[in-house]
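1. Have a look; sequence and predicted model below, questions after that.
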Amino acid sequence: MLDIKYVRENLDEVIKRLNTRNGDYSYLKEIPVLDAKRRELIKQGDAIKQKRNEVSKLIGQYKREGKDTSSIMNEVAASREEIAELDNQIEAVDARIKEILMKTPNLPDPSLPLGSDDTFNKEVRRWGEPRKFDFQPLTHWDLGEKLGYFDFDRAVKVSGPRFTFYRGAFARLERSLMMFMLDTHTANGYTEFLPPFMVNSDSMLGTGQLPKFAEQAYKLQNEDLWMIPTAEVPVTNYYRGEILDAKDLPMRFCAYSACFREEAGSAGRDTRGIIRQHQFQKVEMVKLALPEQSWDELEEMTHEAERILQLLKLPYHVVTLSTGDVGFSSAKTYDLEVWLPSYNTYKEISSCSNCLDFQARRMNLRFKRTKDGPTEFVHTLNGSGLAIGRTVAAVLENYQNEDGTITVPEVLRKYMGCDIIK
RNA sequence: GGAGUAAUACCCAAGUGGUGAAGGGGACUCCCUGCUAAGGAGUUAGUGGUGUAUGCCAGCGAGAGUUCAAAUCUCUCUUACUCCGCCA
């Protein structure tokens, strides 16, 4: 959520910056009007309440003294409706302001490339060389079906499209990658979480999935529970509503979870293989940081995600998302894209974002520098470290051999218990 | 799922209609003191809103209601605990 004071005082600049997201945010012009109205109503209401409180005290005093109170009682009674009416108006204005602000995305950082979509994303660095095959490489879905380690048909029978059964060595590969990623992050000072895979609406509002993107998540019937689209939701909401001590920041967390996505609107995209599934597994990194730390922490977190790919020796590049492609809650996002031979291009495998105080405002997550000091909003960051399913696909395709076997990356051998997948 | 009990600050806790929300513990500050302990004095009701401001308004799990006035009475909800049922 944007700071209403900032919106009020910098309205034109705010609209201009938001419009670079490829939308029209001129509706924000309503905010200063509503805000002025709200403050005026509060002023009026408080004055009447103050009067009422003073007279009410007198009533108590008169009663004790045995005096007649009927006339001043009428006086207070008269203010009652007036107060109720003003409170109702304030409530309505507050609700309208909140409705507008909650559906408004974060301000894109000025450093982002300007552009309406992902074609304007800018490569910032590249690591490794795409492998040159001296045979015709297979896709990961063909490798999986050939070896019998992916079963797409039975997944359709049991669940539906965009689900997959992993079997045997591939199931173990997924688990090995999860262990490898968590071990790497925890060795680097990230605290491991195993979060709930379902969260309530307040949590979804806090990180920005609600109210705007309800159709992209799975909602349970008859319960205020949503299947998490990413562990970012439960982990970032962990301290929601609390006031942290500045000396405990930054906090660094990592978490394994399954992630559930409706994938509405992506019909026809990535229909083969395990690239786009309704359920996938991911290791997520989340950071809570002081405002002055968050940009450095974004760089650090991105490098931490890159380290996983480097240790796996998978070629990738890093891109800065353009203003038209950056996510709702994010001010700046680096995507890591891994080389996938079957796509003959780089494919997103991690997304590292600095949300500044945008999520913290929504979830009222704050900190204090000193006991008597002001409360300030924490900066929140999140990044995949990494999407495990897509890492499986990348390992399979990049490490395949001509005979259809797959060489196990060195760092995974202790988890896999073998050097080669046959 | 059923029944009962509860929710006040960092912790324990008093407060059943009258307006500065007791008290204790802990923590912190100061005093006393060779040192420590003990003792003495004090601070610790968050937080948010609003205003130039001493301030004012809201706030006793959340929401609604009754009343001139609600921590206190009524209703709904949430959460925790106990018992029963079920269960990996």
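-> Looks like it came in fine. Numbers count the residues shown, from 1 in each chain, chains lettered A, B, ... in the order given.

2. got the residues of the stretch 101-250 of chain A near RNA strand B?
-> By the rule C-beta under 7 Å from any atom of the strand, the part of the stretch 101-250 of chain A lying against RNA strand B is residue A:243. Every residue, glycine included, has its C-beta placed from N, CA and C.

3. Residue A:388 is in contact with residue A:350, correct?
-> No - taking contacts as C-beta atoms under 8 Å, residue A:350 lies outside contact range of residue A:388: 11.0 Å.

4. Look at those two and report which has more neighbours.
-> residue A:350 (29 against 26; other C-beta atoms under 10 Å).

5. Now do the contacts for that one.
-> A:305, A:335-336, A:383-387 (C-beta atoms under 8 Å, 6 or more residues apart in numbering).

6. In PyMOL, select just the buried ones from these.
-> Selection of buried members from those for PyMOL, criterion 16 or more other C-beta atoms under 10 Å:
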select buried, chain A and resi 305+335+336+383+384+385+386+387
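
7. can you name the two of the contacts of residue A:350 that are farthest apart?
-> Farthest pair in the contacts of residue A:350 (C-beta to C-beta) is A:335 and A:385. Separation: 13.1 Å.

8. what pLDDT does the residue in the stretch 251-400 of chain A that RNA strand B sits nearest to get?
-> When scored by C-beta to the nearest atom of the strand, the stretch 251-400 of chain A has residue A:375 as its residue closest to RNA strand B, at 3.9 Å. Residue-level confidence at residue A:375 comes out at 84, pLDDT.

9. swap in the one 3 residues further on?
-> With respect to pLDDT, residue A:378 scores 92.

10. Now the helix or strand harbouring residue A:31: average pLDDT?
-> Taking DSSP states H and E as the definition, residue A:31 sits inside helix A:30-65. Across helix A:30-65, the average pLDDT comes to 85.

11. Kindly state the pLDDT recorded for residue A:147?
-> 93.

12. Next, count neighbours for it.
-> Count around residue A:147 with other C-beta under 10 Å applied: 18.

13. Tell me if residue A:362 really is in a strand.
-> No - applying DSSP: H, G, I helix; E, B strand; the rest coil, one finds residue A:362 to be helix, outside a strand.

14. quick one: it and residue A:204 touch, right?
-> No - the criterion here is C-beta under 8 Å, and residue A:362 misses it with residue A:204 at 10.2 Å.

15. can you list the domain ranges for chain A.
-> Listed domain ranges for chain A are A:4-102, A:118-421 (source: automatic domain parsing).

16. Endpoint to endpoint, the shortest one covers what distance?
-> The straight-line separation of the ends of domain A:4-102 (C-alpha to C-alpha, to the nearest Å) is 11 Å.

17. same check, this time on the last one
-> Across domain A:118-421, the terminal residues are separated by 36 Å (C-alpha to C-alpha).

18. Centre of the chain to it, how far?
-> Relative to its chain's centre, domain A:118-421 lies at 11 Å (C-alpha atoms, centre = their mean, to the nearest Å).

19. what do you get for the shortest one?
-> Average the C-alpha atoms of domain A:4-102, do the same for its chain, and the two points are 32 Å apart (C-alpha atoms, centre = their mean).

20. could you show me where the helices are in the stretch 201-350 of chain A, in order?
-> Using DSSP state H, counting those that start in this stretch, the helices of the stretch 201-350 of chain A run over residues A:201-207, A:232-236, A:294-311.

21. Many thanks, I have nothing further to ask.
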